[in-house]
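1. need a structure here:
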Amino acid sequence: MKNTDYRTEEKQMEGKTCCVTGHRDIPQKEINKVKAALRREVDLAVKEGFTRFMSGFAEGVDQYFAEIVLEKKKKNPALELIAVIPYQKRLDNLMEKRRTYEMLEACADVVVMQEKYHP
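-> Got it, this is the predicted structure:
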């Protein structure tokens, strides 16, 4: 996993980038519908030339999106997932969970926006 310290400079990014954010608390009976809709949108984005995908890795939609992009990357290595984490302690917490640890390890880059949480 690459880890870019707290954003001090802009990164030059070429190509098309797709970002997502969404609800965290999704009723269990709706999760498969949400994942199917995300899968359709990611497929459409790829068809439209998007190759870079960004997720904040919040519970729910953000992580479903990340899983789907990583799944698609297995067949299309040109795709990349970038984790954009709001603060360092959030990254530390994500790294403690096997599922999110493995997803973060598979990211092309992990960007931590700031050292501490500021509401």
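2. If residue 109 is in a bridge, with which residues?
-> Per DSSP bridges, the residues bridged to residue 109 are residue 82.
3. going forward can the numbers begin at 327, since that is how I track them
-> Sure, I'll start counting at 327 from here, so that last one is residue 435.
4. Was I right to think it contacts residue 408?
-> Yes: the criterion here is Cβ atoms under 8 Å, and residue 435 meets it with residue 408 at 4.7 Å. Placement of C-beta: from N, CA and C, glycine included.
5. neighbour count winner among those two?
-> Each of residue 435 and residue 408 has its neighbours counted (other Cβ atoms under 10 Å); residue 408 has more, 21 against 16.
6. Now do the same contact list for that one.
-> Listed by Cβ atoms under 8 Å, 6 or more residues apart in numbering, the contact partners of residue 408 are 378, 379, 380, 381, 433, 434, 435, 436, 437.
7. Dead centre of the protein: give me the residue that sits there.
-> residue 381 (2.6 Å; Cα atoms, centre = their mean).
8. From residue 425, how far out is that residue?
-> Relative to residue 425, residue 381 is positioned 14 Å away (Cβ to Cβ, to the nearest Å).
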